[in-house]
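Engineer: quick check, what structure comes out for this input:
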Amino acid sequence: MPKRKRLLYVLAFIAVLAAGWIAFYLYIQQFDSTIKVEPIPYEKPIAVNEFDNEYDVVVIGGEPEGVVAAVSAARNGANTLLIESREELGGLFTYGLFNSLEIPRDEEGNTVSRGIFEEWHNLVGASDVFGIEQAKAAFKKLVDEEPLLTLSVNTEVVQPIMEENTVIGVQVKNEFGEFKIKGKAFIDATQDADFAAMSKVPFFIGREDIGNKEKNQTVDFIIHLNDVNWDQVLEAVSSEKFGPAEHTNNEAWGFPQLQEEYIPVEENTQLRGLNIVKIENDYYLRGLQIVGVNGLDVESKQQAIEKGKIETENILAFLQGNFPGFEQAKIAGYPTELYISETRHILAEYQLTMIDVWTNRDQWDNIGLGAYPAKVQVLTPQDQSYVIANPKQYAIPFRSLVPKEIDGLLVVGRSAGFSSLAASSARVVPTGMVTGEAAGVAAAIVTGQDLSFRELSKNEQLVEYLRTLLAEQGAIVDNFESDYPYQGEWYDESIQILINYGLVYGGYTNDLEVDELATRHRFINLLKDSIIVGNPELDKALQAKLDSVLANELTKEDDPLLLDDITNILSVLFIDSKTTSTWQKLIDQNIIREEISANIPTEVHELTNKEIYAICAEVFNYIHQ
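Structural biologist: As a prediction, this is how the structure comes out:
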């Protein structure tokens, strides 16, 4: 064979081999979630010693949402001030050590949080998990690159400056003294809407909107360890030593049996299954939950942190003795803040509802999308977390950022204008960063147009301009149409009523088992909850009847139900017991509407879940009114 031809064969073989290796490498990369990022130079921020007399936009709070809001306002031409009471930016990420993103994704698995969030996300590696130091540096980089943006850390808000019902300024203090700063527009990006509360914005706390003010969701205390043997952790995933689990190259989650096997030492604490994040030799474990914490009380939060530290030591000892890979693990440090799911919810021009989330609803003033599962954390150590619904996507309306009664101010993040149950989806940080970007653009618009946020929220032409600017910045604001579970069914409205108050939930699959046979205990418990949530302040007579029905019915076998069973129960509760009980009398007294009763056959049959959903929704409406 001539040398030239042999050389060509060799080169062709090398080319094929190289192409094969490239293809194999690319194939492997789609499964490789190892974080690969360029380190970002970082210089710690400082407090400002001299402020301008007035700024176009003032953002309160250096949480991720606040950083995005300030950057967005500055990019749109507003002279912007960002105030943070702590030493550095990043809030929950920096001080709570929370570095596992709860990313809202569409049906194809693509994130629906874009724009400035995506910029930051790319800076930290575009993974579901990230290094905390890298995240902090990325926030600072975004701020430093905006010439119209001034950042002052270690700067505490003393009080708002009000003119009637409008915020026109803020009084702050830091090591250099106290300052009064005027502003044309303000954005509250604190976790708990602290500045809005100072400004007398109306709000409710926790689940007060569904009659459950006294109970708070659990808070998370992140465990930070070094020297874990990751390969052995992955073997525990494969062997299902603590139940089903999954993993990527730098994250492992699941292990539900830990909740049964681990015995807490501190009261009102528990260890659920773990989510373990690996960042080089740093390991962050989420799973330690603390119950009964008042997220608005400094002393309550500090007590919870001390509990978390003690429980962390006990958990580490348990893991060292029982969980392969943790034998040599050490505590690397403690978070200085808790991961708190909710405290205040402001009342806004539009209160996003759980119905909006369930029905994947668009809004005319759509300024971004939510899509994260609506997950409610446990309320007591005996409870389990649960998912109300898993939306495809739904719109966040601009009106949900505009508080009632007070002008000059927007509120972004988890304390914005969401119902408590809708917030269980919309509270996640990527969605909050989307609201922050929209608020920044809106603030730049109102300062240039000399109008209020409330006026903007009612002006369709200007809202469309806001949406156009957001789209140009990479945000997803396109209007859309979407279906939802049980749409158009005769019991569709009934399910919406119940799900709006958390009385039924469909989990990750949105399956309410509508065609399954209903049982006595399921009906009685749903009926009880529908009555109590429908009217938390029952009169004594009805409460006594309800207690009697519960005591009687829950001692019976948990058998399928007939319509006569339900008729008798409702008659005891709502109709004079001296008269004969009939289904028609429930209709005549407007307890059950004709249009609903028409879909429930009166001949003898065992009722299905959809029928008891419809009946309980009718009772809810009756008692609620």
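Engineer: show me where the stretch 451-600 of the chain dips below the pLDDT cut-off.
Structural biologist: The stretch 451-600 of the chain contains residues with pLDDT under 70 at 577-580.
Engineer: which non-adjacent residue is nearest N281?
Structural biologist: N226 (5.5 Å; CB to CB, 6 or more residues apart in numbering). In short, each C-beta sits where N, CA and C put it, glycine included.
Engineer: for that neighbour, list each beta-bridge partner.
Structural biologist: Note on N226: beta-bridge partners by DSSP bridges are D282, K330.
Engineer: I figured V233 hits G325, correct?
Structural biologist: Yes. At 4.1 Å, V233 counts as touching G325 under the criterion of CB atoms under 8 Å.
Engineer: gap between the strand or helix carrying A438 and the chain center?
Structural biologist: Taking DSSP states H and E as the criterion, A438 maps to helix 429-449. Helix 429-449 has its average C-alpha position 19 Å from the chain's average C-alpha position, going by CA atoms, centre = their mean, to the nearest Å.
Engineer: one more: stretch 301-316?
Structural biologist: 24 Å.
Engineer: oh, and call the first residue 654 from now on, that's how I've got it
Structural biologist: OK, 654 is where the count begins now, so the last one is stretch 954-969.
Engineer: and the contacts of it?
Structural biologist: With contact meaning CB atoms under 8 Å, 6 or more residues apart in numbering, stretch 954-969 is reached by 872, 874, 876, 878, 915, 917-919, 921-922, 924, 938, 941, 943, 946-948, 979, 982-984, 987-991, 993.
Engineer: one more: stretch 1268-1278?
Structural biologist: 1146-1148, 1150-1151, 1154, 1156, 1176, 1179-1180, 1183-1184, 1186-1188, 1219, 1223, 1227, 1243-1246, 1249, 1253.
Engineer: please pick the buried ones from those residues.
Structural biologist: Buried residues within the contacts of stretch 1268-1278, defined by neighbour count using 16 or more other CB atoms under 10 Å: 1146-1148, 1150-1151, 1154, 1156, 1176, 1179-1180, 1183-1184, 1186-1188, 1219, 1223, 1227, 1244-1245, 1249, 1253.
Engineer: returning to what we had before: who's in contact with the residue nearest to N934?
Structural biologist: N934, D935, Y936, A982, K983, A985 are the contacts of N879 under CB under 8 Å, 6+ apart.
Engineer: list just the nearest of the residues you listed to A970.
Structural biologist: Nearest to A970 among the contacts of N879 is A982, at 10.2 Å by CB to CB.
Engineer: so the closest one is in contact with F971, correct?
Structural biologist: No. Assessed by CB under 8 Å, A982 is found out of contact with F971, at 11.2 Å.
Engineer: pull out the buried residues from stretch 756-766.
Structural biologist: So, applying 16+ other CB under 10 Å, buried residues of stretch 756-766: I756, P757, T764, V765, S766.
Engineer: got it, and stretch 843-860?
Structural biologist: 843-852, 854, 856-860.
Engineer: and F1227, how far is that from W1236?
Structural biologist: Look at F1227 and W1236: by CB to CB, to the nearest Å, they are 13 Å apart.
Engineer: which two of the buried residues of stretch 756-766 have the greatest separation?
Structural biologist: The span of those, defined through CB to CB, is set by I756 and V765 at 8.7 Å.
Engineer: check which residues of stretch 735-744 are buried.
Structural biologist: Residues of stretch 735-744 classed as buried by neighbour count (16+ other CB under 10 Å): L735, I736, E737, S738, R739, E741, L742, G743, G744.
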